[in-house]
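Student: next come a sequence and a model predicted from it.
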Amino acid sequence: MSDAVAPPPGRTYVTSTPPGSGPESGARTAHPDHLGHVIFITAAAAMGGFLFGYDSSVINGAVEAIRHRYDIGSGTLAQVIAIALIGCAIGAATAGRIADRIGRIRCMQIAAVLFTISAVGSALPFALWDLAMWRIIGGFAIGMASVIGPAYIAEVSPPAYRGRLGSFQQAAIVIGIAISQLVNYGILQIADGDQRGKIGGLEAWQWMLGVMVVPAVLYGLLSFAIPESPRFLLSIGKRERARKILEEVEGKGVDLDARVEEIETAMRREHKSSFKDLLGSRFGFLPIVWVGIGLSVFQQLVGINVAFYYSATLWQSVGIDPTDSFFWSFTTSIVNIIGTVIAMILVDRVGRRPLALVGSCGMAVALAFEAWAFSADLVDGKLPTAQGAVALVAAHVFVLFFALSWGVVVWVFLGEMFPNRIRAAALGVAASAQWIANWAITASFPSLADWNLSGTYIIYACFATLSIPFVLKFVKETKGKALEEMG
């Protein structure tokens with residue numbers, strides 16, 4: 001079968017399949033002939049998530065060293081830590097259009113190069129401003145990966161497995177967080193517990209930031225081992241190649257000619273996508289775009305990244321020994337992984353919305369207990385025994401409920417909830433909003449904590465509570481639907 005002529009690059013599409021009806025090709029119930037191959041493709045794409053998690057958490061081990069080396073206060077320190085998130089927002093906002101023009105794989109490769117450059121530069125800064133610059137570059141790569149990973153995984157996943165495979169993005173993030181804390185702990189041990197201790201001519205914190213070169217290079221290499229998205233290939237006229245990849249990932253049981261025709265029919269009916277396609281008549285963006293933005297923002301406003309950017313500093317501030325603070329940060333990461341595994345098991349069985357609702361309730365209660373614990377006066381620089389125990393348990397419960405719900409389902413939702421014709425652009429806007437919310441939380445936490453740590457956790461608990469009516473009213477279930485049915 002020769003390649004057919006397709007519309008120009010930069011277009012993404014939705015078929016005319018009526019909502020609620022199954023694709024005629026049988027894609028909805030398709031099972032790949034080689035599931036292991038599909039898992040490998042998904043895991044390779046999710047390496048961007050691993051780097052996302054690693055970079056998000058590795059700075060946790062360097063916070064106090066950066067403060068002391070450059071002699072800066074909490075406000076300036078927060079800006080240096082959070083400035084990477086500005087790069088994330090820009091990367092997320094532009095990644096969709098870049099991916100529509102040059103493909104998902106090329107986007108991954110660009111991100112891998114930027115990750116590598118950022119890791120080397122962050123490990124060898126000569127001033128505070130250039131450390132900030134390298135973090136912005138790394139942030140741009142993270143923003144790109146945060147958009148391309150979920151979009152690519154959704155586009156190559158059979159509908160029957162898409163929730164579980166989409167969960168790989170969050171699984172990679174939490175594994176990256178855990179590995180970074182293990183690496184930080186190991187480096188700290190070599191440096192005799194001193195973040196500024198010398199190892200081979202560099203301070204310990206510099207090694208912590210520089211080690212990211214290894215997964216960054218691996219991400220780049222893996223991108224050469226996985227296929228391009230079949231939907232992108234069809235958009236640039238490579239019909240036969242797209243057909244072969246659809247056969248690889250959806251199985252021979254699918255009517256491939258009908259499957260290709262479903263997508264190509266949409267291609268002939270849709271126009272070139274642009275930012276204008278995201279706009280509605282009344283409230284700026286289309287309602288579905290606002291729902292995506294809401295999911296992204298709520299995911300961050302519960303304060304989850306405070307647990308990974310500042311956990312070691314937080315535990316030290318309430319009297320826990322520095323070495324023990326790294327241990328508790330690592331146990332939080334293990335709980336994060338456990339919660340993610342639970343979500344991966346349940347997301348295609350019970351659905352996305354039920355998990356989100358359970359998670360919101362659990363987070364709200366856990367954050368309320370944290371607020372109560374941190375309201376106690378310190379005794380000899382430590383929380384009273386009861387409040388200290390409650391703070392530790394509540395922090396772990398909060399992370400568990402986040403991981404088994406919002407940590408996974410938001411990425412799954414964003415990868416699949418938008419119509420094909422706006423998916424990349426809409427995902428970019430939603431992810432950009434997520435990074436802006438992440439920046440707001442990360443940059444404000446040191447000052448809020450200095451003001452009132454208990455009050456800060458009350459604010460996060462309120463956002464967790466507000467997410468419940470948001471999900472009930474605005475978020476629709478996407479379990480089991482083909483991407484061509486969205487919208």
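Tutor: In hand now; what should we look at?

Student: quick one: least confident helix or strand in the chain?
Tutor: Least confident helix or strand, the chain: helix 311-317 with a mean of 67, by mean pLDDT, DSSP states H and E.

Student: list the single closest residue to Ala371 in space, sequence neighbours excluded.
Tutor: Closest residue to Ala371 apart from its sequence neighbours, by CB to CB, 6 or more residues apart in numbering: Tyr457 at 3.8 Å. Quick note: C-beta positions are derived from backbone N, CA and C, even for glycine.

Student: that neighbour and Phe445, how far apart?
Tutor: 11 Å (CB to CB, to the nearest Å).

Student: who touches both of the two?
Tutor: Residues within reach of Tyr457 and of Phe445 at once, by CB atoms under 8 Å, 6 or more residues apart in numbering, are Gly303.

Student: picking up where we left off before, what's the neighbour count on the residue nearest to Ala371?
Tutor: Tyr457 is flanked by 28 other residues according to other CB atoms under 10 Å.

Student: check whether it really touches Gly303, as I assumed.
Tutor: Yes: the criterion here is CB atoms under 8 Å, and Tyr457 meets it with Gly303 at 7.3 Å.

Student: output the contacting helices and strands for the helix or strand that contains Ala95.
Tutor: Using DSSP states H and E, Ala95 maps to helix 84-102. Secondary-structure packing of helix 84-102 (3 or more CB pairs under 8 Å, 6 or more residues apart in numbering; DSSP states H and E): helix 104-123, helix 128-156, helix 230-235, helix 423-474.

Student: where does the stretch 201-350 of the chain dip in pLDDT?
Tutor: In the predicted model of the stretch 201-350 of the chain, residues 253, 263, 266-275, 277, 280-283, 309, 312-314, 316-326 satisfy pLDDT under 70.

Student: strands of that one, residue ranges please.
Tutor: 202-203 (DSSP state E, counting those that start in this stretch).

Student: for it, what spans make up the helices?
Tutor: Per DSSP state H, counting those that start in this stretch, the stretch 201-350 of the chain carries helices over the ranges 204-210, 213-223, 230-235, 239-250, 256-269, 287-301, 306-309, 311-317, 322-346.

Student: need those helices in TSV with mean neighbour count and distance to Ile39, can you?
Tutor: What follows is the helices of the stretch 201-350 of the chain, written out as TSV (neighbours: other CB atoms under 10 Å; distance: least, CB to CB, whole Å):
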stretch	mean neighbour count	distance to Ile39
helix 204-210	24	31
helix 213-223	19	13
helix 230-235	26	17
helix 239-250	20	11
helix 256-269	18	21
helix 287-301	21	25
helix 306-309	23	26
helix 311-317	22	31
helix 322-346	19	12
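
Student: now tabulate these in TSV and tack on distance to Cys88.
Tutor: Formatted as TSV, the helices of the stretch 201-350 of the chain follow (distance: least, CB to CB, whole Å):
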stretch	distance to Cys88
helix 204-210	16
helix 213-223	16
helix 230-235	23
helix 239-250	29
helix 256-269	31
helix 287-301	11
helix 306-309	13
helix 311-317	20
helix 322-346	20
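
Student: out of those helices, flag the one nearest Ala464.
Tutor: Ala464 lies closest to helix 287-301 among these, at 8.1 Å (CB to CB).

Student: can I take it that Val410 is in a helix?
Tutor: Yes: checked against DSSP: H, G, I helix; E, B strand; the rest coil, Val410 lies within a helix.

Student: got the contact list for it?
Tutor: Contacts of Val410 (CB under 8 Å, 6+ apart): Leu295, Ser296, Gln299, Ala356.

Student: against Lys238, how distant is Val260?
Tutor: Val260 is 11 Å from Lys238, by CB to CB.

Student: one step back: who touches both of Tyr457 and Gly303?
Tutor: Leu367.

Student: backbone phi and psi for Ala356, please?
Tutor: Torsion angles at Ala356 (phi, psi; degrees, to the nearest 10) stand at phi -60, psi -40.
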